[in-house]
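>>> coordinates only, sequence not included:
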């Protein structure tokens, strides 16, 4: 499958009850059915390409477009893209503490590839949230040993584009060398390392820092749900799809930032990276296990429905599609039904439904009331399951 790049402790057994922030419903086609993860955005069958526009600060690239960098493609046929001409194979030293990430986006019928940084010997991994967003299964390969592990999502911060994974059964891993003390300055030499093109091997692209403290605004292809990333390091290193979540090394070989995005629409590449200190601060918040308005712990609950466009003449959440094998299907919900209550409380819109269900965790039971297309009332109690990564 051809991929479009995507983009950090957690016990192997998931906690019994996990909370996350409610997220607005965004609906998109997904292999014949529309889906919605409770508390998560909707999922699209095609790769989510996020357009980034540089702005603010003294960036010389103000107004240019950029793209988040996971490598993505359709499920089961992801062909690995060729490496960029300016990149060279990463050295053994540059590969220590670095991993390649492969994610199956089950509800999209797609796959994604990116990069990650080892934070602990027991397998805690730091990466970009967009590397694993929508993932239903994640595998991680340690670059220096070739060993592959299954990974669980510890938590995510969509606003800051940071995620933490935990490798199952990992021990004795070499961690990446991190430099949180040094100040990155314009003209500093840097090297971006990552799983370029999702090839399954690391490449390195040298460059310099061209600006610091940059702000870029990320939005989907349709322009919906723009998100702003601040305080980024800008570089002319040839950062490409698949590099997301990978290290930006300084001249001493220490990680100073996480490769996250690159410009598009120009022959000259402008890369953007999240400073490692910022990323680690967010990772620590995720590891605390406490959800906030920004941080989601674990995986969201999943009902298995898609919600159609808001209709001011309809009171309730109109279902546009139901995913096979989910609680919604088991309850008998079908496209065209309108959800009117949850646990006896009235539901007047799709956004309200998202908010209400976003307050639940996988394993919670909720009572759903709805009317069918003919106006007949129905009700059922369902147990929410784990959805895709937020």
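It's in. Everything numeric in this text was worked out from a predicted model, so none of it was measured.
>>> How much space separates the closest residue in space to residue 302 that isn't next to it in sequence from residue 95?
Closest residue to residue 302 apart from its sequence neighbours, by Cβ to Cβ, 6 or more residues apart in numbering: residue 387 at 3.1 Å. Backbone N, C-alpha and C define where each C-beta goes, glycine included. According to Cβ to Cβ, to the nearest Å, residue 387 and residue 95 sit 33 Å apart.
>>> Which one of these two is surrounded by more residues?
Per other Cβ atoms under 10 Å, whichever of residue 387 and residue 95 has more neighbours is residue 387, with 27 against 21.
>>> The more buried one contacts residue 305, correct?
No - Residue 387 is not in contact with residue 305 according to Cβ atoms under 8 Å; the separation is 11.3 Å.
>>> which residues do the two both contact?
Both residue 387 and residue 305 lack any common contact, where contact means Cβ atoms under 8 Å, 6 or more residues apart in numbering.
>>> next one: phi and psi at the residue nearest to residue 302?
phi -100, psi -170 (degrees, to the nearest 10).
>>> thought residue 199 was touching residue 242?
Yes - using Cβ under 8 Å, residue 199 is in contact with residue 242, at 7.2 Å.
>>> Which residue of these two possesses the greater neighbour count?
Higher neighbour count among residue 199 and residue 242: residue 242, with 37 against 17, using other Cβ under 10 Å.
>>> check contacts around residue 273.
So residue 273 contacts 192, 232, 233, 235, 239, 248, 257, 258, 259, 260 (Cβ under 8 Å, 6+ apart).
>>> Can you tell me the element the second one falls in?
Yep, that's residue 232 we're talking about. Here residue 232 sits within strand 227-235, counting by DSSP states H and E.
>>> Now find how far off-centre the following helix or strand past that strand is within its chain.
Using DSSP H and E, the helix or strand that follows strand 227-235 towards the C-terminus is strand 247-250. Here strand 247-250 is found 21 Å from its chain centre; the criterion is Cα atoms, centre = their mean, to the nearest Å.
>>> where do the strands sit along the stretch 51-200 of the chain?
51-55, 65-68, 71-74, 88-89, 98-105, 110-118, 124-127, 137-142, 148-157, 162-167, 189-194 (DSSP state E, counting those that start in this stretch).
>>> what comes up buried for the lengthiest strand in the chain?
Taking DSSP state E as the criterion, the chain has its longest strand at strand 203-219. Using 16 or more other Cβ atoms under 10 Å as the burial criterion, the residues of strand 203-219 that qualify are 203-207, 209-212, 214-218.
>>> Next: stretch 294-303.
Across stretch 294-303, burial judged by 16+ other Cβ under 10 Å covers 295, 296, 297, 298, 299, 300, 301, 302, 303.
>>> Under the pLDDT cut-off, which ranges of the protein? List them.
1-86, 218-226, 264-267 (pLDDT under 70).
>>> Which residue ranges make up the domains of it?
1-297, 301-386 (automatic domain parsing).
>>> From the chain's centroid, how far away is the shortest one?
It stands for domain 301-386. 25 Å.
>>> For the top helix by length along the chain, buried residues please.
Ranked by residue count, the top helix of the chain under DSSP state H comes out as helix 276-287. Across helix 276-287, burial judged by 16+ other Cβ under 10 Å covers 276, 277, 278, 279, 280, 282, 283, 285, 286, 287.
>>> Which single one of these is nearest to residue 87?
residue 276 (21.3 Å; Cβ to Cβ).
>>> so what's the closest one up against?
By Cβ under 8 Å, 6+ apart, the neighbours of residue 276 are 178, 179, 180, 255, 256, 257, 258.
>>> part of a strand, is the fifth one?
Yes - remark: residue 256 belongs to a strand, assigned using DSSP: H, G, I helix; E, B strand; the rest coil.
>>> Just give the number of residues close to the closest residue to it other than its chain neighbours.
Distances taken as Cβ to Cβ, 6+ apart place residue 250 nearest to residue 256, at 4.8 Å, with adjacent residues excluded. Neighbours of residue 250 under the rule other Cβ under 10 Å: 19.
>>> Surely residue 250 is in contact with residue 185?
No - with contacts counted by Cβ under 8 Å, residue 250 stays clear of residue 185, the gap being 10.4 Å.
>>> mind listing the helices for the stretch 251-390 of the chain?
276-287, 327-331, 350-358 (DSSP state H, counting those that start in this stretch).
>>> Including distance to residue 126, could those helices go into CSV?
Converted to CSV, the helices of the stretch 251-390 of the chain look like this (distance: least, Cβ to Cβ, whole Å):
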stretch, distance to residue 126
helix 276-287, 6
helix 327-331, 33
helix 350-358, 25
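>>> closest one to residue 159 among these?
helix 276-287 (9.2 Å).
>>> give me every residue that touches the closest residue to residue 342 other than its chain neighbours.
Computed as Cβ to Cβ, 6+ apart, the closest residue to residue 342 that is not its neighbour in sequence is residue 356, at 5.0 Å. By Cβ under 8 Å, 6+ apart, residue 356 lies in contact with 342, 345, 347.
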